[in-house]
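> Show me the folded form of this:
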Amino acid sequence: MTVKSMTASEIAKKVVNKEAFFIVDVRNEDVFKDWKIEGEKIGYLNIPYFDLLDGVEEIMNKLPLDQDIVVVCAKEGSSIMIAEMIAEEGRAVHYLTGGMKAWSEHLEPIKVGNLKDGGEIYQFVRIGKGCLSYMIISNGEAAIVDATRMTDVFIDFAKKMDVTIKHVLDTHLHADHISGGRKIAEATGGMYWLPPKDAEEVTFTYEPLEEGNTITIGNTTIDIQPLYSPGHTIGSTSFIVDDSYLLSGDILFIDSIGRPDLAGLAEDWVGDLRETLYTRYKKLAENLIVLPAHFMILEELNDDGSVSEKLGTLYTENHGLKIEDEAAFREMVTGNLPPQPNAYQEIREMNMGKIKPDEETQREMEIGPNRCAVR
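Numbers count the residues shown, from 1 in each chain. As a prediction, the model looks like this:
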């Protein structure tokens, strides 16, 4: 039997389509438990690579006969070797091209809506890490919101769509992933925007995102209206696009709410978070489509792999929006915090411009799951 590669894009399609397949993950057990490829119909066998160096005979009866088998490791090399050993035992097998690093970096652009005067809005789904970025297009111009460090994906997509990137915005100073916003702005001549209350320690120039301003994309006047919405960070800012979409950053997700502690100020910021979720957002139109900057679980994905829901529906279904007692809300948020994201302090410093690690170090800094939410 031959060994075939399978790309992160191909696996992402299987996950979104809820196809059954089987993963042999040869990373160490603690790494696997912390972060793995997830899917509704994925079967798993986690056995470290070193335990298979003498042969794979003992695991062959654990591999299903009626599903694709994909061997996964951190970078690719170990999975190729184990896949070849499985193939020598007579089984068809794949390995994940680029390993879990490729899975972490894969971005899938999905159209999530049309704008009133002919524009479009696209969501870039980073399924392996739960990050969501956006490109708003109107009349030959584009704005990008919460870009990841894989900047070529956004620049190439803009070229494909024959649009000029005019504005690049971050809803807040990110702590779980490295922002590509400033790099895209420098490469395209666009303006880079950041909330000033999150930018007090940055080492670069930027345009301040302030409530009451509008950013226009194209001649058709698609307004991005910044809405100051503190809680996740003190400067967190949401955007209302075309009076139809609420880009909520890391304040509100589909099945959870933002955590307020990534600058070490959970007790100080939980009140701001509640004010945003229970007062500021409550004043907005219920039919706004919420487009968050992250998702936490696969159940938040729509059938096409996108992530969105009406604001009114979230007030009915999202547990974090239904806690009337303020003390109970405070306890739920501060007493239910997940582990901090990997290397979050270093990521904050890089996003401030204070450090400039090389590309491989940046990859290592981002390895691991999304941990921006409280459920």
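> Number of residues surrounding F50?
10 (other C-beta atoms under 10 Å). Yep, even glycine has a C-beta here, placed from its N, CA and C like the rest.
> Ramachandran angles for it?
For F50, the backbone dihedrals are phi -70, psi -30 (criterion: degrees, to the nearest 10).
> in terms of contact, does N287 touch G312 like I think?
Yes: between N287 and G312 there is a contact at 6.6 Å, judged by C-beta atoms under 8 Å.
> Out of these two, name the residue with the larger neighbour count.
Taking other C-beta under 10 Å, N287 and G312 do not tie; G312 has more neighbours (14 against 11).
> Next, that one: phi, psi?
Backbone torsions for G312, taken as degrees, to the nearest 10, come to phi -60, psi -40.
> wait, doesn't it sit right on E286?
Yes: when contacts are counted by C-beta under 8 Å, G312 is listed as touching E286 (3.0 Å).
> Please enumerate the helices of the stretch 101-250 of the chain.
151-160, 181-188 (DSSP state H, counting those that start in this stretch).
> Which one of these lies nearest to V93?
helix 151-160 (29.1 Å; C-beta to C-beta).
> mind listing what's buried in the closest one?
Within helix 151-160, the residues scored as buried using 16 or more other C-beta atoms under 10 Å are T151, V153, F154, I155, F157, A158.
> How about stretch 305-315?
G305, S306, V307, S308, E309, L311, L314.
> go on, stretch 328-344?
F329, R330, M332, V333, T334, P338, P341, N342, A343, Y344.
> Then stretch 233-245?
For stretch 233-245, using 16+ other C-beta under 10 Å, the buried residues are T233, I234, G235, S236, T237, S238, F239, I240, V241, D242, S244, Y245.
> Settle this for me: the fourth one is touching H174, isn't it.
No: judged on C-beta under 8 Å, S236 makes no contact with H174 at a distance of 10.7 Å.
> Give me the common contacts of those two.
In terms of C-beta atoms under 8 Å, 6 or more residues apart in numbering, S236 and H174 are both contacted by the residues D250.
> Let me have the buried residues of stretch 305-315 in TSV, extended by pLDDT.
Output for the buried residues of stretch 305-315, formatted as TSV (pLDDT from 0 to 100):
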residue	pLDDT
G305	95
S306	97
V307	98
S308	98
E309	98
L311	98
L314	98
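> Next, check those residues against the helices and list the overlap.
With DSSP state H as the criterion, helices contain L311, L314 from among these.
> Just the buried residues of stretch 305-315: which are in strands?
E309 (DSSP state E).
> For V145, which non-adjacent residue is spatially closest?
With C-beta to C-beta, 6 or more residues apart in numbering as the criterion, V145 has its nearest non-adjacent residue at 4.2 Å, and that residue is Y134.
> I137 too?
Nearest residue to I137, sequence neighbours excluded (C-beta to C-beta, 6+ apart): E120, at 4.9 Å.
> check contacts around that neighbour.
Taking C-beta under 8 Å, 6+ apart, one finds K111, G113, N114, I136, I137, S138 in contact with E120.
> Quick check: the two most widely separated of the buried residues of stretch 328-344?
F329 and A343 (29.4 Å).
> quick one on the thing from earlier: for D66, which of the helices of the stretch 101-250 of the chain is the nearest?
helix 151-160 (34.7 Å).
> follow-up on the earlier one: most neighbours, which of the contacts of E120?
That'd be I136 among the contacts of E120, by other C-beta under 10 Å, with 28 neighbours.
> Against Y315, how distant is the residue nearest the centre of the chain?
Geometric centre of the chain, nearest residue: C131, 0.4 Å, by C-alpha atoms, centre = their mean. Going from C131 to Y315 by C-beta to C-beta, to the nearest Å gives 25 Å.
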